[in-house]
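Undergrad: Pasting the sequence and the predicted coordinates here, then a few questions.
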2 protein chains.
Amino acid sequence: MNTTERVIVEQFPFWEKAIDIALPTIEADTFVFVGCGTSYYVAMSLAVAFNENGKRAIAVAGSEWALRHRSYLPDLTGAVVVGISRSGESTEVVQAVRESHKLGIRTLAITCEKDSSMARAADIVAFAPTHPDEGIVMSSSASLMLLMGLRMAGVTVEPAVVAGARATVAAMGEKAPAVAAGRHKFVVLGGGVYFGIASEGALKLQEMSISVSQPFHTMEYRHGPMSLADEDMLAVMLYSEDQPAEEAKLVAELRAKGVKVIGLGGPGDLSLPIATRGLQRSLEMLAAMQILGERIANAKNIDSTQPRHLSKVVVLG
Amino acid sequence: MNTTERVIVEQFPFWEKAIDIALPTIEADTFVFVGCGTSYYVAMSLAVAFNENGKRAIAVAGSEWALRHRSYLPDLTGAVVVGISRSGESTEVVQAVRESHKLGIRTLAITCEKDSSMARAADIVAFAPTHPDEGIVMSSSASLMLLMGLRMAGVTVEPAVVAGARATVAAMGEKAPAVAAGRHKFVVLGGGVYFGIASEGALKLQEMSISVSQPFHTMEYRHGPMSLADEDMLAVMLYSEDQPAEEAKLVAELRAKGVKVIGLGGPGDLSLPIATRGLQRSLEMLAAMQILGERIANAKNIDSTQPRHLSKVVVLG
């Protein structure tokens, strides 16, 4: 077991602490969640979670908000910008928070590093420490920032989600290699709060195993991307609670084209149950996607602790 | 020259007409642009164009709005839903418009078929006829719906954009094959209004040439996806007007990793100038991406008039 895998399976005690820590409360006319890479995908899921709890929200890539906020929100009145960054040092997110501050917008930082440039620049900080051995590939920190954000949206994160995620990670880790064997193209499908998780899951596969991987809104898959479905593909379906039957129909179509499917919360060549209910299911799915990335890397003999071309923090000169 | 290519190069007289047709004017607190596949990517670019012109807007995939609008907009007061569909028959977009109507939201249809289910369900219709020979792969219709939407955002589409796009399509068609030769992985990068074009460009490559293709917000590319950059990759950079120097730096990084780059509006292994200025540049880039898809298909001996697994309209039973 390398460090990447060890951090994935050892992240749960950190979740247990984050379920109970005090978090700031903040009101806004519009919440703008801003992050880069993994943190942008966490931002996407949090924007949905906030909207579903009656708090208007959008997610914007860090570089986009820093450079051209008017492309995403013409009237900044009453906006709160929420920067998401594990290290608090990602250049574009720090810029986005500082730029927002200059524009007179209140800012909140969600981070795993209390003493960071982003945390210092923000008006308010939500903080949970991540596993000290976490490397370049984000795992525990992504889960913790999602967990904090869900709680701030008003979602109750129950202790049961920890046991659920632990079991799902164990089952995925054990059973995924057989269904993924010999597959080289990856697709992850999810709608609503799960689209951010699908995007992050695809990024995990991509950066950990150097495989081309794509996320799609579930029902968008028929509108073009379906052209690549074949016996070289592994798809992961993140089943929703509001239209699992429609999603199972799409999975059946994919399997008829030779695609192998892992169903998280519904049918597939491998079907893994999701123990919890509501928006916190996204936490369980996120952790499961992390171990899947590691297993695909294992199968390709790729060392996920040293992903090609990447560094732990993207700091631009 | 097959029908796909013929429609791409023959689309410009339809643009010339659409520059002058009467279009409805409509005010809203929030515009919600809704589409599937290509039309969703047009929706993304239009949402940016509207925001940049002071009209608050979001883009939502058709299936997502139809099923779970609260995940994207908790308060529907003052919203206008804009359905985008070439045929006006895409099941999820028709559902999205009908569902919005039931919720008491005003609806607008942007389409190339005046007598369609979506147009009949909508309160207001913006319509331009597309090339009669257009097949499964959307080209002329995507440009026309983008053009109508840009005009409704308040963008003046100048006749010069037609000549510009015609020249860019000709240059791309002639020069792309040499730079793309032997490349099997494709990435398209664009920010702001160009992210929708990058997404549509990647879809064109994917469905026309059955190649894995990915879009990213330009500066997001360093945050993970960069791990796949190598001598098997062709990247297309859709240069912005507000940070071309930063983008050229990223292009230099990619080229140092063996990636071949087509620069639309800036440096690359192939650099194609963009003649026009402002938001209408997106039209020129869109048309250029269409012919690139055809050229990659030509190189792989794939018939783009019959894309695998796809049909002209996705109608769900």
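TA: Structure's in. What do you need? As the structure is a computational prediction, the values presented were derived from the model and not from experiment.
Undergrad: How about residues contacting the lengthiest helix in chain A?
TA: With DSSP state H applied, the helix covering the greatest number of residues in chain A is identified as helix A:160-180. Helix A:160-180 is contacted from outside by A:5, A:8-9, A:12, A:15-16, A:19, A:234, A:260, A:262, A:264, A:269-270, A:272-276, A:280, A:283-285, A:287-288, A:290-292, A:294-296, A:298-299, using Cβ atoms under 8 Å, 6 or more residues apart in numbering or on different chains. Any C-beta I mention is one placed from the backbone N, CA and C, and that applies to glycine too.
Undergrad: how about 7 Å then?
TA: Contact partners of helix A:160-180, identified using Cβ atoms under 7 Å, 6 or more residues apart in numbering or on different chains, comprise A:8-9, A:12, A:15-16, A:234, A:260, A:262, A:269-270, A:272, A:274-276, A:280, A:283-284, A:287-288, A:291-292, A:295-296, A:299.
Undergrad: Show me what the helix or strand following it is packed against.
TA: Scanning forward in sequence from helix A:160-180, with DSSP states H and E defining helices and strands, the next element found is strand A:185-189. Here strand A:185-189 touches helix A:194-209, strand A:213-216, strand A:233-238, going by 3 or more Cβ pairs under 7 Å, 6 or more residues apart in numbering or on different chains; DSSP states H and E.
Undergrad: Put the alpha carbons of the longest helix of chain A into CSV.
TA: Included here for helix A:160-180 are C-alpha records, laid out as CSV according to Å, rounded to 0.1, in the frame of the first residue of the first chain:
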residue,chain,number,x,y,z
ALA,A,160,-23.1,7.0,9.6
VAL,A,161,-21.6,8.5,6.4
VAL,A,162,-18.2,7.6,7.7
ALA,A,163,-19.0,3.9,8.1
GLY,A,164,-20.7,4.0,4.7
ALA,A,165,-17.8,5.6,2.9
ARG,A,166,-15.3,3.2,4.6
ALA,A,167,-17.3,0.2,3.4
THR,A,168,-17.7,1.6,-0.1
VAL,A,169,-14.0,2.4,-0.4
ALA,A,170,-13.1,-1.2,0.8
ALA,A,171,-15.6,-2.8,-1.7
MET,A,172,-14.4,-0.6,-4.6
GLY,A,173,-10.8,-1.3,-3.8
GLU,A,174,-11.4,-5.0,-3.7
LYS,A,175,-13.8,-5.4,-6.6
ALA,A,176,-12.9,-2.7,-9.2
PRO,A,177,-9.8,-4.4,-10.6
ALA,A,178,-11.7,-7.3,-12.1
VAL,A,179,-14.3,-5.1,-13.9
ALA,A,180,-11.7,-2.5,-15.0
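Undergrad: from the contacts of helix A:160-180, which would you call buried?
TA: Listed as buried from the contacts of helix A:160-180 are A:8-9, A:12, A:15, A:234, A:260, A:262, A:269-270, A:272, A:274, A:276, A:280, A:283-284, A:287-288, A:291-292, A:295-296, A:299; burial here means 16 or more other Cβ atoms under 10 Å in any protein chain shown.
Undergrad: before we move on, back to that, and the longest helix of chain A, average pLDDT?
TA: Here the mean pLDDT over helix A:160-180 is 97, rounded to a whole number.
Undergrad: do the same with stretch A:31-47
TA: 98.
Undergrad: is that stretch anywhere near chain B?
TA: Yes. Using Cβ under 7 Å from any Cβ of the partner chain, stretch A:31-47 reaches chain B at A:36, A:37, A:38, A:40.
Undergrad: Could you tell me the end-to-end distance of that stretch?
TA: For stretch A:31-47, the separation between the terminal residues is 8 Å (Cα to Cα, to the nearest Å).
Undergrad: circling back: and the longest helix of chain A, which residues are buried?
TA: Of the residues in helix A:160-180, those scored as buried under the neighbour-count criterion (16+ other Cβ under 10 Å) are A:161-162, A:164-169, A:171-173, A:175-176, A:180.
Undergrad: Just the closest of the residues you listed to chain B, please.
TA: residue A:180 (17.0 Å; Cβ to the nearest Cβ).
Undergrad: The closest one and residue A:172, how far apart?
TA: Counting by Cβ to Cβ, to the nearest Å, the gap between residue A:180 and residue A:172 amounts to 10 Å.
Undergrad: Likewise for residue A:62?
TA: Residue A:62 sits at a distance of 30 Å from residue A:172 (criterion: Cβ to Cβ).
Undergrad: mind listing what whichever residue of the stretch 101-250 of chain A sits closest to chain B touches?
TA: With Cβ to the nearest Cβ, the shortest gap between the stretch 101-250 of chain A and chain B falls at residue A:223, namely 2.9 Å. Under the criterion of Cβ under 7 Å, 6+ apart, the contact partners of residue A:223 comprise B:36, B:37, B:314.
Undergrad: How about residue A:19: what's its closest non-neighbour residue?
TA: Of all residues beyond its chain neighbours, the one nearest residue A:19 is residue A:157 (5.2 Å), with distances taken as Cβ to Cβ, 6 or more residues apart in numbering or on different chains.
Undergrad: how many neighbours does the one you found have?
TA: Applying the criterion other Cβ atoms under 10 Å in any protein chain shown, we find 21 residues in the vicinity of residue A:157.
Undergrad: Name the SS class of whatever residue of the stretch 51-200 of chain A ends up closest to chain B, please.
TA: Each residue of the stretch 51-200 of chain A has a distance to chain B, by Cβ to the nearest Cβ, and the smallest belongs to residue A:63, at 3.4 Å. Of the three states, residue A:63 takes helix according to DSSP: H, G, I helix; E, B strand; the rest coil.
Undergrad: do you know how far the residue nearest to it when sequence neighbours are not counted is from residue B:71?
TA: If you skip the residues right next to it in sequence, residue A:63 has residue B:219 as its closest partner in space, 3.4 Å away by Cβ to Cβ, 6+ apart. Taking Cβ to Cβ as the measure, residue B:219 falls 26 Å from residue B:71.
Undergrad: The two: which has the busier surroundings?
TA: Looking at residue B:219 and residue B:71 with other Cβ under 10 Å, you find the greater number of neighbours at residue B:219, namely 24 against 21.
Undergrad: Then that one would be within a strand, right?
TA: No. The secondary structure assignment for residue B:219 gives helix rather than a strand, going by three-state DSSP.
Undergrad: so it sits right up against residue A:91, yeah?
TA: No. Distance between residue B:219 and residue A:91: 9.3 Å, which falls outside the contact criterion (Cβ atoms under 7 Å).
Undergrad: So, low pLDDT: which residues of chain A?
TA: A:317 (pLDDT under 70).
Undergrad: At which residues are the helices of it located?
TA: Listed in chain order (using DSSP H), the helices of chain A are A:3-9, A:12-18, A:38-52, A:62-68, A:91-102, A:117-121, A:140-153, A:160-180, A:194-209, A:244-256, A:281-299.
Undergrad: can I get those in JSON lines with distance to residue B:141?
TA: Below are the helices of chain A laid out as JSON lines (distance: least, Cβ to Cβ, whole Å):
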{"stretch": "helix A:3-9", "distance to residue B:141": "45"}
{"stretch": "helix A:12-18", "distance to residue B:141": "48"}
{"stretch": "helix A:38-52", "distance to residue B:141": "29"}
{"stretch": "helix A:62-68", "distance to residue B:141": "28"}
{"stretch": "helix A:91-102", "distance to residue B:141": "35"}
{"stretch": "helix A:117-121", "distance to residue B:141": "44"}
{"stretch": "helix A:140-153", "distance to residue B:141": "39"}
{"stretch": "helix A:160-180", "distance to residue B:141": "38"}
{"stretch": "helix A:194-209", "distance to residue B:141": "26"}
{"stretch": "helix A:244-256", "distance to residue B:141": "25"}
{"stretch": "helix A:281-299", "distance to residue B:141": "36"}
